[in-house]
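Q: sequence and predicted structure below; questions after.
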Amino acid sequence: MRNDPKADLAAAWESFKADDDIRARDRLIIAYSPLVKYVAGRLSSGLPQTVDTADLVSYGIFGLIDAIEKFDPERGIKFETYAIARIKGAIIDELRAMDWVPRSVRSRARDFEAAYIALENRFKRVPSDNEIAREMGVSSQELRAILTKLSYTSVISFEEMWSSGADHDDRMDPFGSIPDETADDPVHMLESAELKEILAGAIDRLPDREKTVIALYYYEGLTLKEIGSVLGVTESRVSQMHTKAVLRLRARLHAAQGFLPVG
């Protein structure tokens, strides 16, 4: 009789959660390890070639282990969805700890966000690249070069933008916002709903092509190269559009949360 993979996984979960069986935990790590390779591959497409994908995988394994240890099967959340967020977070935290992005590049990201919000408030519409360049005091060509460099800083879990600017301990776990009949938290649920509304509004205000990139990348799971094929542009061009979209969204969330002036 052939083994039933689903039954084996269910048995491993039951054994680990009931008895803290380390061997059961190891079986779960092996079974779900392809998730780590998937997330590492997605993230590596936006990183410099000097960042080894194998290193990302090793960072992600810690996220997978953390997800397995903290996952509660009784909440009805699909483990793969929960684990991907944890794996992304572990990889991004490690990359940030390495401080592989120059301070000057991070400063340019803040300059872009501030210029975007100032112009949006002034014109009551999404500003063009040329307008942002003038506000930043650079040429259009220099802005494109800046965006290319900033593409290395736009590696971010989409869910993390919900809590952009918050202290680490105060950041919301998006999966924690799912209603739990045994532990309702109306205040938490209200805050989550407000942030979702802000993010949805910010996405809706994006230029059409950037909105398409966000939808294809975060909701459809396409790579930047695949999105380039869909839009008929190069992968580097898609990377720039993705970077601008992330910076616009982050700027809008910062403004909504009081970190940037809002008109």
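A: Received the coordinates, thanks. Predicted, not measured: the structure shown is a model, and the values here were computed from it. Residues are numbered from 1 along each chain as shown.

Q: wait, residue 65 sits on residue 29?
A: Yes. With contact defined as CB atoms under 8 Å, residue 65 counts as touching residue 29 (6.3 Å). The C-beta positions use only the backbone N, C-alpha and C, and glycine is treated the same way.

Q: more crowded one of the two?
A: residue 65 (20 against 16; other CB atoms under 10 Å).

Q: which parts of the helix or strand hosting that one are buried?
A: Using DSSP states H and E, residue 65 sits within helix 53-70. Neighbour counts using 16 or more other CB atoms under 10 Å place 56-57, 59-65, 67-68 of helix 53-70 among the buried residues.

Q: of those, which pair is most distant in space?
A: Spanning the widest gap among the buried residues of helix 53-70 are 56 and 68, at 18.7 Å by CB to CB.

Q: mind listing the helices for the protein?
A: 5-19, 22-44, 53-70, 79-98, 103-123, 129-136, 140-150, 186-204, 208-214, 224-231, 235-256 (DSSP state H).

Q: circling back to that earlier point, name the nearest of the buried residues of helix 53-70 relative to residue 147.
A: If you rank those by distance to residue 147 using CB to CB, residue 56 comes first, at 23.0 Å.

Q: quick one: that closest one and residue 38 touch, right?
A: No. Applying CB under 8 Å, one finds residue 56 not in contact with residue 38, separated by 11.1 Å.

Q: what's the offset of stretch 247-258 from the middle of its chain?
A: Computed by CA atoms, centre = their mean, to the nearest Å, the separation of stretch 247-258 from the middle of its chain amounts to 15 Å.

Q: residue 36 against residue 53, yeah?
A: No. Taking CB under 8 Å as the definition, residue 36 is not a contact partner of residue 53, at 10.7 Å.
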